[in-house]
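Enquirer: Let me see the structure of the following:
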Amino acid sequence: MTFVLILLFGLVISLWNSFVISKLWAWFVVTAFTTAPRLAALQIYGLLLVFDVIKFKPDTKDEKREDVYKRAVSSVIQNALYALVCLGLGALVHKMMLP
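Expert: Here you go, the predicted model:
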């Protein structure tokens, strides 16, 4: 049951990260490079999945199951908070760029 909750929470965080990246992309990449395509959050989610598959390395350490769950939850929460900080900083910079 805990594993399923971690997977669902991870999915929500992945969609959150996709939203953040799509906003930052629209604010900075599309405006800086006029030929850059606009990407929706789900398109960016698909791209993130591609990159995740490429960078995946299985964890071969023998750890207790509880430690693995704690580390997974901690990693997901840190990822979500980092994305929130990036979105906030990006929003401030975007506002400063507006005339």
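
Enquirer: how much space between residue 5 and residue 36?
Expert: Using CB to CB, to the nearest Å, we find residue 5 at a distance of 37 Å from residue 36. Glycine gets a C-beta too; all of them are placed from N, C-alpha and C.

Enquirer: Quick check: which element contains the residue positioned nearest the centre of the chain?
Expert: Centroid check for the chain by CA atoms, centre = their mean gives residue 17 as the closest residue, at 2.9 Å. Per DSSP states H and E, residue 17 falls inside helix 2-24.

Enquirer: What are the contacting residues of the helix or strand following that helix?
Expert: Later in the chain than helix 2-24, the nearest helix or strand by DSSP H and E is helix 30-32. For helix 30-32, contacts defined as CB atoms under 8 Å, 6 or more residues apart in numbering pick out 36-38, 97.

Enquirer: Any buried residues in stretch 77-94, and which?
Expert: 80, 83, 87, 90 (16 or more other CB atoms under 10 Å).
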